[in-house]
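Colleague: Generate coordinates for the sequence data below:
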Amino acid sequence: MGFGLIAMVAFWVAAIRLWVCDGPKTPLIFIAVWGIGFIAFPHLGLSSYFFIAFEAILAAILVLIEKVRTAL
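Modeller: Next up is the predicted model:
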């Protein structure tokens, strides 16, 4: 439960920070991908740990995108 909460907070904080810095286009795409994963993973019968890992990967990508775009 602890890592899942950390991954969720990291994803949403990264999405909001990127939205503020760069506009809504990229964060909306990632939020849509997160929503698809949120619905698809349980329907595919996968464990919640797969979704937590998926969410953490999305958060890491959002953080990297924000770092690159603010460096330019």
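Colleague: average pLDDT across the top helix by length along the chain?
Modeller: Using DSSP state H to define each element, the chain has its longest helix at helix 48-71. Mean pLDDT, computed over helix 48-71, is 93.
Colleague: Give the buried residues for it.
Modeller: Using 16 or more other CB atoms under 10 Å as the test for burial, helix 48-71 gives 51-52, 54-56, 58-59, 62-63, 65-66. C-betas here are computed from N, CA, C, even on glycine.
Colleague: hmm, who's touching it?
Modeller: Here helix 48-71 makes contact (CB atoms under 8 Å, 6 or more residues apart in numbering) with 3-4, 7-8, 10-11, 14-15, 17-18, 21-22, 26-27, 30, 33-34, 37-38, 41.
Colleague: Mind doing that once more with 10 Å?
Modeller: With contacts defined as CB atoms under 10 Å, 6 or more residues apart in numbering, helix 48-71 is touched by 1, 3-23, 26-27, 30-31, 33-34, 37-38, 40-42, 44, 46-47.
Colleague: How about residues contacting the helix or strand hosting A40?
Modeller: Assigned by DSSP states H and E, A40 belongs to helix 25-43. Outside helix 25-43, the residues that touch it by CB under 10 Å, 6+ apart are 8, 11-12, 14-21, 24, 44, 46-52, 54-55, 57-59, 61-62, 65-66, 69.
Colleague: Buried subset of the contacts of helix 48-71, written for PyMOL?
Modeller: This is how PyMOL selects the buried members of those, with burial counted by 16+ other CB under 10 Å:
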select buried, resi 7+8+10+11+12+14+15+18+19+26+27+30+31+34+37+41
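Colleague: Now D22: closest residue in space, sequence neighbours ignored.
Modeller: In space, and not counting its chain neighbours, D22 is closest to R69: 5.3 Å by CB to CB, 6 or more residues apart in numbering.
Colleague: This completes my enquiry, with thanks.
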